[in-house]
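Trainee: 3D model of this:
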Amino acid sequence: MRNQVQLITYVDRLAGGGMRALHGLLNSKLEGLFGGVHLLPFFYPIDGSDAGFDPIDHTQVDPRLGDWRGVQEIGSDYDLVADLIVNHVSSQSPQFADYSENGSASPYAGLFLSFDRVFPRGATEKDLLTIYRPRPGFPCTTYTLGTGEKQMLWTTFTPQQLDIDVYHPQGKAYLSAILERFQAAGVRLIRLDAVGYAIKKAGTSCFMIPETFSFIAELTREARGLGIDVLVEIHSYYLHQIEIAKRVDRVYDFALPPLVLHSLFSGDATALTQWLKISPRNAITVLDTHDGIGVIDVGRSPQGEPGLLKPEAIDRLVETIHERSGGQSRQATGAAASNLDLYQVNCTYYDALGRRDVEYLIARAVQFFAPGIPQVYYTGLLAGENDMELLAKSKVGRDINRHYYTAEEIDKNLARPVVKALAWLMKFRNQHQAFEGELEVANPSASQIVLTWSDGADSARLAVDFAGPKAMLAWTGENGDQVVDVDLELGKRIDY
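Mentor: Numbering: from 1, shown residues only. Coordinates of the predicted model:
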């Protein structure tokens, strides 16, 4: 993967078209901004119960977006990332239809994980309370098959997302077929979606247990054998993230988004500095994603070990997001919205900051200087605002940050000063040689952080005082040393 800013987007929600429309946008109005693109689920169908994360057919491109040739064309110009949805498949899949019709006689009977396969002697109350849940409720759903037989099947996320038995030959064959399809399309990095929940074992939390790591290692070996690297998506305690990062090609830095917000809200950079000194260097850094803004990643461990932020600081962080968004995030979070997560606040990052342009640019500058490769979500690229109309229509909390942009909206937003300044920062991050070197993290005072990248004679330095907040960018270049403020004036510069 090139050490340049990556775009993550739904194909149909940016440019208002399919693969070729997105490819055209990347090569024209967004030229020079991205070295790679993560295509969020483009499989059939893109509009299931979980915005494509519940595929009926994981090996078919939704025809409304195009075909595999269109995917290959994007991959010819950009590093291409796709999701391998490891944990589950849609209840409308042909495999489940066959299982429902034929029961235990179906060749796919072993693909779907049943409750009794994990608990053959039944489960105690303690067993059930030990299971880690990403959402409230029981982790299984009772299905009545077409044969009349009743089966209690694992459904970690929603009743429409049936968990796969990844140890069964049918489960292994299912995942292998997807990997081979990806290789043929030029996908060079896969994100293992929901892999932390893929292994269930009686008497454990069924989340990131030792057997999960073994499974990830096995799947990674298979992917690497096809020339594909692996990105693991895990929301977890920060020390666990560091351990996970040692075992995989890439891992998300999910602690960064809440820590940057905390620093901007409180004027205190201490926790952010602490994290950036120890955070994984093989990270994909984010501020916003297709999901919400996570807080579990900076909180206490399940055993009560201290997190990067104290519980009261996390409470203030969440409440400040609600306040700055005018209460909109509250309408999209927790019990207020369906498809809810226990550890995320649903809101665009721009609205979480109260639409304060300079603070938004400072946040992005910190992300671009943080260790790892930065990834920018499509609404974040356009400093997007909460889509309350879509939220009201779908009643799915995360849709507040999943706007459908028309071509006219894209043009209008690209002309905004804050987006122009962000584009300048992205080009700077993509082109300056210093980011190929080493990072030094300094904390001159509680409110300040200084991030300096150096590669031989080339250097780039970001100094932020969160008490302002204000930030300054300095670098070496062909025209000598330069220093600028991180503000809206960046968009008027022409040297990057």
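
Trainee: what secondary structure does the residue minimising distance to the centre of the chain sit in?
Mentor: Of all residues in the chain, the one closest to the mean position by CA atoms, centre = their mean is T289, 4.8 Å from it. Three-state assignment for T289 (DSSP: H, G, I helix; E, B strand; the rest coil): coil.

Trainee: Would you check that it makes contact with H38?
Mentor: No: counting by CB atoms under 8 Å, T289 stays clear of H38, with 9.9 Å between them. For glycine as for every other residue, the C-beta is placed from the backbone atoms N, C-alpha and C.

Trainee: Off-centre distance for stretch 265-284?
Mentor: Relative to the centre of its chain, stretch 265-284 is centred 18 Å away, using CA atoms, centre = their mean, to the nearest Å.

Trainee: Between the two ends of it, how far is it?
Mentor: Start and end residues of stretch 265-284 are separated by 24 Å (CA to CA, to the nearest Å).

Trainee: Now the common contact residues for T289 and H38.
Mentor: Residues touching both T289 and H38 by CB atoms under 8 Å, 6 or more residues apart in numbering: I8.

Trainee: Okay, strands next: where are they in the stretch 151-300 of the chain?
Mentor: Secondary structure of the stretch 151-300 of the chain (DSSP state E, counting those that start in this stretch): strands located at 161-163, 189-193, 229-232, 250-253, 283-285, 293-294.

Trainee: Distance of E243 relative to A202?
Mentor: If you measure E243 against A202 using CB to CB, to the nearest Å, the figure is 24 Å.

Trainee: Could you do Q274 as well?
Mentor: Per CB to CB, Q274 is found 38 Å from A202.

Trainee: Check I46 too.
Mentor: Distance, I46 to A202, by CB to CB: 36 Å.

Trainee: between these two, which one's more packed in?
Mentor: Set I46 next to A202 and count neighbours by other CB atoms under 10 Å: I46 wins out with 20 against 15.

Trainee: Regarding the more buried one, what is its secondary structure?
Mentor: coil.

Trainee: what's next to the lowest-mean-pLDDT helix or strand in the chain, contact-wise?
Mentor: Counting by mean pLDDT, DSSP states H and E, the chain has its least confident helix or strand at helix 238-245, which shows a mean of 88. Residues outside helix 238-245 that contact it (CB under 8 Å, 6+ apart): 208, 213, 232, 234, 236, 251, 253-255, 275, 278-280, 282-283, 297-298, 301, 305, 307-308.

Trainee: Taking those residues, please make a PyMOL selection of just the buried ones.
Mentor: Buried subset of the contacts of helix 238-245, written as a PyMOL selection, criterion 16 or more other CB atoms under 10 Å:
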select buried, resi 208+213+232+234+236+251+253+254+255+275+279+280+283+297+298+307+308
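
Trainee: if I've got this straight, G24 is in a helix?
Mentor: Yes: assessed by three-state DSSP, G24 belongs to a helix.

Trainee: residues contacting it?
Mentor: Contact analysis of G24 by CB under 8 Å, 6+ apart lists A15.

Trainee: Any stretches of the stretch 201-350 of the chain with poor pLDDT?
Mentor: Applying pLDDT under 70 to the stretch 201-350 of the chain picks out residues 335-342.

Trainee: where do the helices sit along it?
Mentor: All helices of the stretch 201-350 of the chain, identified by DSSP state H, counting those that start in this stretch, fall at 210-225, 238-245, 256-266, 270-278, 311-324, 328-331, 349-352.

Trainee: For D399, which of the ones you listed is the nearest?
Mentor: helix 328-331 (11.4 Å; CB to CB).

Trainee: to the chain's geometric centre, what's the distance from the closest one?
Mentor: For helix 328-331, the distance to the chain centre is 21 Å (CA atoms, centre = their mean).

Trainee: Contacts for it next, please.
Mentor: Outside helix 328-331, the residues that touch it by CB under 8 Å, 6+ apart are 321-322, 336-337, 345-347, 351-352, 386, 388, 391, 400.

Trainee: Go through the residues you listed and name the one nearest Q431.
Mentor: Distances from Q431 to those, taken as CB to CB, are shortest for A352 (28.9 Å).

Trainee: Surely the closest one is in contact with V295?
Mentor: No: using CB under 8 Å as the test, A352 is too far from V295 to be in contact (11.8 Å).

Trainee: intersection of neighbour lists for the two?
Mentor: Between them, A352 and V295 share these contacting residues under CB under 8 Å, 6+ apart: V345.

Trainee: the more surrounded of those two?
Mentor: More neighbours surround A352 than the other of A352 and V295, with 32 against 25 (other CB under 10 Å).

Trainee: I'd like to know how many residues surround the closest residue to that one other than its chain neighbours.
Mentor: Leaving aside its chain neighbours, A352 sits nearest to I321 (4.7 Å; criterion: CB to CB, 6 or more residues apart in numbering). Using other CB under 10 Å as the criterion, I321 is surrounded by 26 other residues.
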